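*Asks:* Just the structure for this:
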Amino acid sequence: MKFRMVDRILSWEPRTRICGTKTVSFEEYNCKAAFGGDACLPESLLVESLFQLGNWLIVLTSDFTQMGLVVRMSEIRFEDQVRPGSSLRLEVEAAAYRSDGVLLNGRALCGDRIVGIGTGCLATPVALADYCNPDDLKVLFGEIYRPVPQEGA
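*Replies:* Next up is the predicted model:
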């Protein structure tokens, strides 16, 4: 089973940045509530959402020939909890983009409130076809890419 943690890709610029959304379902919060915490999205799934969005930047920049494997994360900070039914805006920027590694920073916002920040995520590019079918990802991208109209356009 694969977990898709990015619902929409709103915009992206090759080698630079990507923006997307994730809506927190009522099933996802059960993981944490079952262990005695408040009903909210577990922090690990918030981080996974940012990882997946950053990976989309690598996949799209390489025209579906590469993906990234996370090798390290310098800092992860959680500012607030995310409740079921909330919609997150995810933003990932490439601080450095080289053939041997991509350094990513990301943040998750709920409305205007920052709920999570990750910096110094190093991903090593690898051949996408070794891990999944590029044609399947192209179909998925066609389903989730909903660009936001530019102002004045």
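
*Asks:* For residue 116, see how far away residue 73 is.
*Replies:* 12 Å (Cβ to Cβ, to the nearest Å). All C-beta spots, glycine's among them, are computed from the backbone N, C-alpha and C.

*Asks:* Identify the contacts common to those two.
*Replies:* Shared between the contact lists of residue 73 and residue 116 (criterion: Cβ atoms under 8 Å, 6 or more residues apart in numbering) are residues residue 47.

*Asks:* Now do the contacts for the most centrally placed residue in the chain.
*Replies:* Of all residues in the chain, the one closest to the mean position by Cα atoms, centre = their mean is residue 53, 2.5 Å from it. Contacts of residue 53 were listed using Cβ under 8 Å, 6+ apart, and they are 6, 9, 18, 20, 90, 92, 106.

*Asks:* check which helix or strand covers the third one.
*Replies:* What it means is residue 18. Secondary structure from DSSP states H and E places residue 18 in strand 17-23.

*Asks:* Direction included, what does that strand pair up with?
*Replies:* Applying DSSP bridges, strand 17-23 is found paired with strand 8-13 (antiparallel), strand 87-98 (antiparallel).

*Asks:* For residue 38, find the nearest of those strands.
*Replies:* For these, the distance to residue 38 is smallest for strand 87-98, at 16.9 Å, taking Cβ to Cβ.

*Asks:* and that closest one, which residues are buried?
*Replies:* 88, 89, 90, 91, 92, 93, 94, 97 (16 or more other Cβ atoms under 10 Å).

*Asks:* Also stretch 10-23?
*Replies:* So for stretch 10-23, counting by 16+ other Cβ under 10 Å, buried means 10, 12, 17, 18, 19, 20, 21, 22.
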